[in-house]
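S.K.: Sequence first, then the predicted structure:
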Amino acid sequence: MEVSLIGIHKYFGAVHANEDITLKIPSGSIQGILGENGAGKSTLMKVLSGFIQADKGEILLNGKQVVIESPSDAIQHGIGMLHQDPLDFPPMKVIDNFIIGSRLPLFPKKSVVYREITQLQKQFDFDLDLEAYVESLTVGERQQLEILRLLWLGASVLILDEPTTGISAPQKNKLFETLRLLAGQGKTIIFVSHKLEDVEQLCDRVAVLRQGKLVGVEVPPYNIESLVTLMFGKLVNLADRQDTCTETPILRVEDLALESPRLRIDHVNLEVREGEVIGLAGMEGSGQLLFLQACAGLVRPIHGRILINNKDLTGKRYHVLMKEGVTYLPASRMEEGLVMGLTLNEHFALAGENQGVFIDRQAIQEVTSTRIKEFNIKGTPRSTVESLSGGNQQRALLALMKNQHSLILMEHPTRGLDIESSIWIWSKLKNRCSSGSAIIFISSDLEEILHYSDRILVFFAGKVSPPIPAEATHVDQLGQLIGGKGWDKLGLPDLQL
Amino acid sequence: MTGISILIGLAGIITAAAPIVFATIGETITERAGVINLSVNGTIILTAMVGFATAVTTGSTLLGFLAGMLVGGLVSLIIAFSSITLKQSQVAVGFVLALLCRDLAYFLGNPFMGLSGPRLSNFHIPLLKDIPLLGVLFFRQDVMTYLSILLIFAAWIWIFRTRPGLMLQGIGERPAAAFVRGANVNLMRYVYTVIGGALVGLAGPVYSLSVKAGWKGTISGLDGIGWIALAITIFGGWNPLRAAFGAYLFALLQWAGLVLQPSLPNIPSQVLQVAPFPLMILALLLVNIGNTEWIERTLAGLPEDVRRLIAKILRSLRASPPASLGVPFEQD
């Protein structure tokens, strides 16, 4: 189906999220939509998929104007969308996820659904267990579930919003293969991403959005520099690697074993030195979070020891470890890191050294102002944290950290941030390393892990690799490892899969 | 105690549990859709009075039950409007309604205090009533008790075996995902809140026209039952079968308190009367204790076998609420 968007405008309050976007997507093609976070890609796709309505503009399908008022309207017209965080029901079975939005009778015959889905699965060589619970699936499998579901409902236009986040290299290849197959069948694929390499690899045409406007449409062969310039309005370069690693150990983990209801990790050994950065790679839920939390004293190990500055702190709680200079920065900035409704001033008052009952307004105001300047936060001391953008919230979190930390533990330090903020935040973190701090961080962005880590631990289903020096590996190998492949080459016993 | 008196006692438990079953199943349905109706306690007392007053005035128990459902539905409509349309706190509104309805019942019910009124009679089901044991237990009850048992299974089938029931689960779990699958989330939440409220409203007349027939104002002995019903909803893990089990367990504990009293003269009678309440709290605790950090930490220090066993037991008891319980749905 040919999709045309004509003069789409969308406002969120004062923000002009989509400004006069006109785009024609031919049938049977894979159209890339490229842009930074906040460029307006998701908004445009939500308009097309009926999740929200445009304030102005028209949508034409095969040349005919249509009005799409809801997602179920959209699917009636043959448009289906895979959201970045798959919109499914984790505590339900896969089969029920198919039935729930269908037009089946009151008491649905599961055998019919089984047969139809199994046939559809064969077509794409998918292997989903229809009786499994969705929460036990990987993100990649949940995407397959959504693709199957939308096709089953008769979608001929598929919109995928950032589908390569959080999936392994083999899963990504499988996804791309499927999308090419679908395009070959005449379906229209719209692929939304901020990752240049994905778009380059897959798309027949790319439309670039910046600050709500369509700034260019390119076709292969792509010129990466011109795409980058379109995306950011200028060329952006990553900072060079700096080596800040020393010989003094800060953290020693000895034969650590951890257990959560779903996972068990055994025999982890690691020594982290001052100035060192350790990246934890793995798909979400592979054990890296459990490990990071154990290092922070948030989870009690069932075996082994954790030593910080040569003190045995195994099984001690976070506030004890904090006194040794450990700090933990959670992934959900608003929920766990910052307090909604409080201003920056009040945050610095909370985090301050002053143990008195009353707040010394004057002193805090000074501290806040200097920190705002130092960390380049776009806001005033009186701004509430929720009024800040994601990048500025992350900067505020960093600014709130005390100076003399020896070990910084972070979940997804730059998730959801634009590339400039990411680079800036890492430059600040590297400064910490130069003054002797060590960092352990989780990220689903393998490029980030490779670029900023000195050594990398890969997690897969509770299995942990020995520390791999970042120079000795590359994105492809990491992508394989997080998907459970190539572990034998690490000199480990074979994985039981 | 003879065998037959135990049997009659057990049959009495099934009768006594009927109103709690109506209330917990009603609340389960409402909460499955993501709305908390905290007014249950007040609704039960108010509908007990309204149902009794209607039956006394008209001479019809049927009209009494219908009046109860109507009032229960109206109270829940207030909850639905304030929480779904006005996006106000369900807890605050529900709690105030719980108190308001109770006091309203005591105030408006004054003229009907102590009157004698119609009472639901037992209806023995032919043939089935003669089955040994089961006949006495299940088939010599009144109509509402039969309905309460049917409701358990009907609710279970609806929630877990039908397509709209799946959607009901979806609406409480992840309204955005239900919305993209074509559900009118807010309308469905209204519908299920009112249906659930009407069922809760049935619990009151079942008391005043059958289980504890009559209206005696503040000494009707109904205050507190609604809070227990809310607790049983949680204990039941939002599953009608488990919720019904909780309701029967509570009725059994109350009955045991009465029966044991004569044989345990050393224990003050108040202790036995109150005992079901802390026992219910204990049961509630067991259901939800598994996912606390404190338990995880404690478990991590135990030897392997013990840890596995306890973790397994706690996991099997555990129930998680609908993920969007109490959260208003906003499109984007």
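M.R.: Looks like it came in fine.

S.K.: Excluding sequence neighbours, find me the nearest residue to the closest residue to chain A within the stretch 51-200 of chain B.
M.R.: Residue nearest to chain A within the stretch 51-200 of chain B: residue B:181 (2.6 Å; Cβ to the nearest Cβ). Using the backbone N, CA and C atoms, a C-beta is placed for each residue, glycine as well. Spatial nearest neighbour of residue B:181, excluding adjacent residues (Cβ to Cβ, 6 or more residues apart in numbering or on different chains): residue A:101 at 2.6 Å.

S.K.: Also residue A:260?
M.R.: Distance criterion Cβ to Cβ, 6+ apart; nearest residue to residue A:260, sequence neighbours excluded, is residue A:290 at 5.5 Å.

S.K.: Okay, now the sheet partners of the strand or helix carrying residue A:327, with direction.
M.R.: Taking DSSP states H and E as the definition, residue A:327 sits inside strand A:326-329. Strand A:326-329 sits in its sheet next to strand A:407-411 (parallel), going by DSSP bridges.

S.K.: Next, the contact list for the nearest residue in space to residue B:327 that is not next to it in sequence, please.
M.R.: Once flanking residues are discounted, residue B:327 sits nearest to residue B:34: 6.6 Å by Cβ to Cβ, 6+ apart. When contacts are counted by Cβ atoms under 8 Å, 6 or more residues apart in numbering or on different chains, residue B:34 touches B:171, B:172, B:175, B:189, B:322, B:324, B:325, B:326, B:327, B:329.

S.K.: and what of residue A:201?
M.R.: Residues near residue A:201 by Cβ under 8 Å, 6+ apart: residue A:176.

S.K.: Would you mind measuring from residue A:112 to chain B?
M.R.: Distance, residue A:112 to chain B, by Cβ to the nearest Cβ, to the nearest Å: 13 Å.

S.K.: List the buried residues of the helix or strand hosting that residue.
M.R.: Secondary structure from DSSP H and E places residue A:112 in helix A:110-124. Neighbour counts over helix A:110-124 (16 or more other Cβ atoms under 10 Å in any protein chain shown) mark A:110, A:113, A:117, A:120, A:124 as buried.

S.K.: tell me the phi and psi of the residue of the stretch 301-450 of chain A found nearest chain B?
M.R.: At 5.0 Å from chain B, residue A:302 is the closest residue in the stretch 301-450 of chain A, using Cβ to the nearest Cβ. With angles defined as degrees, to the nearest 10, residue A:302 sits at phi -90, psi -10.

S.K.: Please tell me I have it right and it contacts residue A:256.
M.R.: No. Between residue A:302 and residue A:256 there is no contact under Cβ atoms under 8 Å: 9.1 Å.

S.K.: all helices of the stretch 201-350 of chain A, in order?
M.R.: Using DSSP state H, counting those that start in this stretch, the helices of the stretch 201-350 of chain A run over residues A:224-232, A:288-295, A:318-323, A:344-351.

S.K.: Need the winner for burial among the ones you listed.
M.R.: helix A:288-295 (a mean of 23; mean count of other Cβ atoms under 10 Å in any protein chain shown).

S.K.: Run through the neighbouring helices and strands of that one.
M.R.: Contacts defined by 3 or more Cβ pairs under 8 Å, 6 or more residues apart in numbering or on different chains; DSSP states H and E place helix A:288-295 against strand A:249-260, strand A:263-273, strand A:277-281, strand A:326-329, strand A:407-411, strand A:438-442, strand A:455-460.

S.K.: Would you convert those strands into a markdown table that also reports mean pLDDT and mean neighbour count?
M.R.: Converted to a markdown table, those look like this (pLDDT from 0 to 100; neighbours: other Cβ atoms under 10 Å in any protein chain shown):
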| stretch | mean pLDDT | mean neighbour count |
| --- | --- | --- |
| strand A:249-260 | 90 | 19 |
| strand A:263-273 | 90 | 17 |
| strand A:277-281 | 93 | 25 |
| strand A:326-329 | 88 | 21 |
| strand A:407-411 | 91 | 23 |
| strand A:438-442 | 94 | 25 |
| strand A:455-460 | 92 | 23 |
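
S.K.: Using JSON lines, lay out the ones you listed together with distance to residue A:186.
M.R.: As requested, the helices and strands packed on helix A:288-295 are arranged in JSON lines below (distance: least, Cβ to Cβ, whole Å):
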{"stretch": "strand A:249-260", "distance to residue A:186": "46"}
{"stretch": "strand A:263-273", "distance to residue A:186": "43"}
{"stretch": "strand A:277-281", "distance to residue A:186": "38"}
{"stretch": "strand A:326-329", "distance to residue A:186": "47"}
{"stretch": "strand A:407-411", "distance to residue A:186": "42"}
{"stretch": "strand A:438-442", "distance to residue A:186": "41"}
{"stretch": "strand A:455-460", "distance to residue A:186": "38"}
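
S.K.: Of these, which is nearest residue B:50?
M.R.: strand A:249-260 (50.9 Å; Cβ to Cβ).

S.K.: Can you give the distance from that closest one to the centre of its chain?
M.R.: How far strand A:249-260 lies from its chain's middle: 26 Å, per Cα atoms, centre = their mean, to the nearest Å.

S.K.: Which neighbours in the sheet does that strand have, and how are they oriented?
M.R.: Strand pairing (DSSP bridges) places strand A:249-260 next to strand A:263-273 (antiparallel), strand A:303-308 (antiparallel).

S.K.: Can you give the contact residues for that strand?
M.R.: With Cβ under 8 Å, 6+ apart as the test, strand A:249-260 has contacts from A:264-274, A:287, A:290-291, A:294-295, A:299, A:301-310, A:406-407, A:438, A:440, B:296, B:300, B:307.

S.K.: let's see it at 6 Å
M.R.: Strand A:249-260 has contacts (Cβ atoms under 6 Å, 6 or more residues apart in numbering or on different chains) with A:265-268, A:270-274, A:290, A:294, A:301-308, A:406-407, A:438.

S.K.: cool, and stretch A:213-230?
M.R.: A:19, A:21, A:196, A:200, A:205, A:206, A:207, A:208, A:235.

S.K.: What of stretch A:117-128?
M.R.: Here stretch A:117-128 makes contact (Cβ under 6 Å, 6+ apart) with A:94, A:144, A:148, A:178.

S.K.: just to revisit the earlier point, return the members of the contacts of stretch A:213-230 classed as buried.
M.R.: For the contacts of stretch A:213-230, buried by 16+ other Cβ under 10 Å: A:19, A:21, A:196, A:200, A:205, A:206, A:207, A:208.

S.K.: which two in the buried residues of helix A:110-124 are spaced the farthest apart?
M.R.: The span of the buried residues of helix A:110-124, defined through Cβ to Cβ, is set by A:110 and A:124 at 21.3 Å.

S.K.: packing partners for whatever helix or strand residue B:72 lives in?
M.R.: Assigned by DSSP H and E, residue B:72 belongs to helix B:61-80. Contacts defined by 3 or more Cβ pairs under 6 Å, 6 or more residues apart in numbering or on different chains; DSSP states H and E place helix B:61-80 against helix B:40-58, helix B:185-206.
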